[in-house]
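**Q** Here's a sequence, model it:
(2 chains)
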There are 2 protein chains.
Amino acid sequence: MENLDIRLDSDDLLGQQLYGELRRLILSRKLKPGKRLPPSRALADMLKISRSTVTETYEQLLTEGYLESRGRNGTFVSPDIPKTQSPVRTTKSASPAGKTIARAKLTTYAQYVSSSSVFDRDSTDFASAFFPWRPAFDEFPQEEWARTVGRYARKYELPLLDYPVDPLGSLVLREAITAYLERSRHIRCQPDQIIIVDGFQQALDLVFRVHVRPGDQLIVENPGYAWIRYAAEAHQAKIVPVSVDDQGLETARLAQLAESSIKLACVSPSHQYPTGALLPLPRRLELLEWARQNGTIIVEDEHDSEFRYDGHTIPALKSLDDHDNVIHIGTFARVLFPGLSAGYMIVSEHTAPLFARIKRLSSEQLPSFVQCALADFIEQGSLERHIWRMQEVYAARREALLRALKRFFGKRATVYGEEAGLHVMVRFETRLSSKEILERANKQGIGLIATEDCYLVKPQKAEFILGYGGLKDSEIREGIRRLADIIK
Amino acid sequence: MENLDIRLDSDDLLGQQLYGELRRLILSRKLKPGKRLPPSRALADMLKISRSTVTETYEQLLTEGYLESRGRNGTFVSPDIPKTQSPVRTTKSASPAGKTIARAKLTTYAQYVSSSSVFDRDSTDFASAFFPWRPAFDEFPQEEWARTVGRYARKYELPLLDYPVDPLGSLVLREAITAYLERSRHIRCQPDQIIIVDGFQQALDLVFRVHVRPGDQLIVENPGYAWIRYAAEAHQAKIVPVSVDDQGLETARLAQLAESSIKLACVSPSHQYPTGALLPLPRRLELLEWARQNGTIIVEDEHDSEFRYDGHTIPALKSLDDHDNVIHIGTFARVLFPGLSAGYMIVSEHTAPLFARIKRLSSEQLPSFVQCALADFIEQGSLERHIWRMQEVYAARREALLRALKRFFGKRATVYGEEAGLHVMVRFETRLSSKEILERANKQGIGLIATEDCYLVKPQKAEFILGYGGLKDSEIREGIRRLADIIK
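**A** Below you'll find the model as predicted:
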């Protein structure tokens, strides 16, 4: 015991420190198997700690098998500690950057993700952040929402506390969404066709897991939402870009693709991302007819089509789908708030049980009390009251943005897709590259998104997505004014 | 207009009904392209509804492109409605079971899930449900939890409302978990090695997505948790069962496997599922040394090891892992409640960024306000106070179960794994099959789980997992008494 190298460095949690030190000595064979340990009182005296700390530590190490007791003869290091060739970590610091797992070969999926840097987002925030995903946080009826959540967090009911019985999601929420979608998006479906997800990417991932085999062809809009492409590429799909004009997807081009078998087409018909175009009815019907004839599945991405400024809401593509070709994906990120992580997808009655099984095999759900609170919020009409009210708020913010663009840029800015949603697309007349504009804007406290990543082919220069949902009128004006100083 | 076949069936939402009917007539070509519609007043009179309902409906159909206005000449069906060969759905009922998507070929993953019935769980509940996953809901400090959740649901802060900036999960929660795991499981890691997940299956799924390629070999315990095997098989892994005795995984058998390259080994060392065995230290060290030498990744499943009844908590296998071979997975399902859907995994610092990217590509997160509430709950000490208190509650329930088994079965029941967790495994001496016992027990209002699914090879007859966490002493006694009547 004389040379027991035990270091205790504070009064805090002495037992745990002693435990760690003794284990280190045993594993590194500085205390050899069969070696007798000092009696607890002697060690306590030596280390100037209480005897009970030592006896409790010994007991713990006895229970775990590091030590064994031989009654009156004392406490010994277990004889059957196997000899290890691996060095033992002796400090309290974190593990060294291990290489073992790095060497283990990755899946094709992981290799793709590993090799691309598009997944590392910058998390800097800005004074004027024209981020298209941000709703007006300041207008959200948060107190009402918090009261509803609190009520369900407080409820002592088995379905709220136990594992959810239904992998599709809480029935009350699926029923509330079914009714809401019929009212607001003209979609007729059954609650058993709805799957509650935590957001768009999870819904997309489920679709790909079910339908997309390596090499399968998949249509994306060009330009389009880049994360659809990333997910598709990770799933080893073959990407077929179809171009978008001011009326959305150029459905006339689909006929040329009739020969090749397209498994899936991802579209955003009600407010195309990023152009903001609205797919007119004839194109919608053409797309559906083409999909039906080719057995193609259409994934409809609805991210902000609840808000329209020149008439009524446009029904979802899904509402025209008489042949179960459309999988509809929507979220509450824009109409409530993104941090809620709540969304839904509508699949055919036929495939819903398969989606349910895969959901259960690969993830749990949004906490049950949150699902039930959301259902309540929808059923009480709070969601739609909020949307109606926001319609006006966003119309004003959109006006402020359009006015500011006109005033500070005049003809040097062309605006697209201003009829709906929470963003417009703007192309600036300038010799600066998108990257230069971004860098200068960020320095000035202006956050914006270039469309470059949205293009698989022929990216446009100096083209940006400007979201106005999360900014007040004055912030919008000031942001655009400063942007005009940058883009001369 | 004479024979316009418009049916409106109630006073409710007349506008939407009229809209639906007109659209149906246009798409089915009963109203042909170019055809003039009746003036709004005439149609209103004919249908005995208000004129504004008709004008609003016309406007909506104009916006969507079904109709076009020719000024004073009236309103006409658009001439460019494409001819569709597909029949139009004419009723308000849900879509017919479509065959289009069913015909589309499924992925290998989906084919596996589709072909197996193990994924359809029965959701029946029982008076005495000996379900191993159920903690004592009646003892959970729900009011304190609800207050904490309410506080964060009410907080007006960007990080709580916007998309989470960090795909690993909220930093405050990862820090709280890091400190908690060091205190309770002796694990030393950095917050950046922790990924917040919604449960065990999601964590496992992430591991498989990163590491398991088709044909890769993967060790599972036999018997073991069946859903690990299901997920592995869906990922086309080759399953290598390694048997379990009363000391857990038989690590001596690993040496025989040294020649073949094993990618991954899934183990539950601290309270093996279903046997409840505790892997002793020499086997833990042997397992780690073997993994290090073979470059095998160990997945440590910790489902209920916080609770022990014969000494201190046993540190996690991860706490002995000096070479980043262990991926540790834990959840709050047992220590708080399953409906919370909160868990965590610890990966190496080296692979954490890759896991983060894949997490972002394939799902969102637990709602931010729930993550922050959970962090607060841990930091305030509420989690550990609850665990300490439950230690006694569960010790008493366990006693009640063991006493009842002894009293009503005597030597006809052999109990395994009673030292820890929230369940024991019991083998009954009987001529009845597990299935017969289950059926009779369920009829008597007793829910229990047979171990049969846990075995890949050589399942045991009349062997059951009996969870006692969610039952009061009296319910336990009464359930076992009735079970004894069944198993004669």
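
**Q** Return the helix or strand in chain A with minimum mean pLDDT.
**A** None of the helices or strands of chain A scores lower by mean pLDDT, DSSP states H and E than helix A:100-103, at a mean of 47.

**Q** and the next element down the chain from it?
**A** Following helix A:100-103 in sequence order, the next helix or strand is helix A:108-115 (DSSP states H and E).

**Q** Do me a favour and average the pLDDT over that next one.
**A** Averaged over helix A:108-115, pLDDT sits at 92.

**Q** strand partners of the helix or strand following it, parallel vs antiparallel please.
**A** As assigned by DSSP H and E, the chain's next helix or strand after helix A:108-115 is strand A:128-129. Its sheet considered, strand A:128-129 pairs with strand A:446-447 (parallel) by DSSP bridges.

**Q** The strand it pairs with - what's its average pLDDT?
**A** For strand A:446-447, the per-residue pLDDT averages 92.

**Q** Stretch A:458-473 now?
**A** The pLDDT scores in stretch A:458-473 average 95.

**Q** now it: how far from the chain's centre is it?
**A** Put simply, stretch A:458-473 sits 21 Å off its chain's centre (C-alpha atoms, centre = their mean, to the nearest Å).

**Q** tell me which residues in it are buried?
**A** A:460-473 (16 or more other C-beta atoms under 10 Å in any protein chain shown). From N, CA and C alone the C-beta is placed, and that goes for glycine too.

**Q** now, among the residues you listed, which is nearest to chain B?
**A** Proximity of those to chain B (C-beta to the nearest C-beta) peaks at A:Gly470, which lies at 8.4 Å.

**Q** and the closest one, what is it in contact with?
**A** Going by C-beta atoms under 8 Å, 6 or more residues apart in numbering or on different chains, A:Gly470 touches A:Ala129, A:Phe131, A:Arg134, A:Pro135, A:Ala136, A:Phe137.

**Q** Surely the fifth one is in contact with A:Gly469?
**A** Yes. Using C-beta atoms under 8 Å, A:Ala136 is in contact with A:Gly469, at 5.7 Å.

**Q** what's the overlap in contacts for those two?
**A** A:Tyr394, A:Arg397.

**Q** export the contacts of A:Gly470 to CSV and tack on secondary structure?
**A** Below are the contacts of A:Gly470 laid out as CSV (DSSP: H, G, I helix; E, B strand; the rest coil):
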residue, secondary structure
A:Ala129, strand
A:Phe131, coil
A:Arg134, coil
A:Pro135, coil
A:Ala136, coil
A:Phe137, helix
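
**Q** want to throw these into TSV with distance to B:Arg385?
**A** Formatted as TSV, those follow (distance: C-beta to C-beta, whole Å):
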residue	distance to B:Arg385
A:Ala129	41
A:Phe131	41
A:Arg134	39
A:Pro135	38
A:Ala136	40
A:Phe137	34
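
**Q** Sort out which of those residues are buried, if you could.
**A** Of those, these count as buried by 16+ other C-beta under 10 Å: A:Ala129, A:Phe131, A:Arg134, A:Pro135, A:Ala136, A:Phe137.

**Q** ok, so of those residues, who is nearest A:Gln16?
**A** A:Phe137 (42.9 Å; C-beta to C-beta).

**Q** For A:Glu250, which residues are in contact?
**A** Contact partners of A:Glu250, counting by C-beta under 8 Å, 6+ apart, are A:Val242, A:Ser243, A:Val244.

**Q** Check whether the longest strand seen in chain A comes close enough to chain B to count as a contact.
**A** For chain A, the strand with the greatest residue count under DSSP state E is strand A:238-245. No. Figure legend: strand A:238-245 not in contact with chain B (C-beta under 8 Å from any C-beta of the partner chain); closest approach 14.7 Å.

**Q** Can you give the strand pairings for the next helix-or-strand element following that strand, parallel or anti for each?
**A** Using DSSP H and E, the next helix or strand after strand A:238-245 towards the C-terminus is strand A:248-249. The strands that strand A:248-249 pairs with in its sheet are strand A:238-245 (antiparallel) (by DSSP bridges).

**Q** buried ones in the strand it pairs with?
**A** By neighbour count on 16+ other C-beta under 10 Å, the buried set for strand A:238-245 is A:Val240, A:Pro241, A:Val242, A:Val244.
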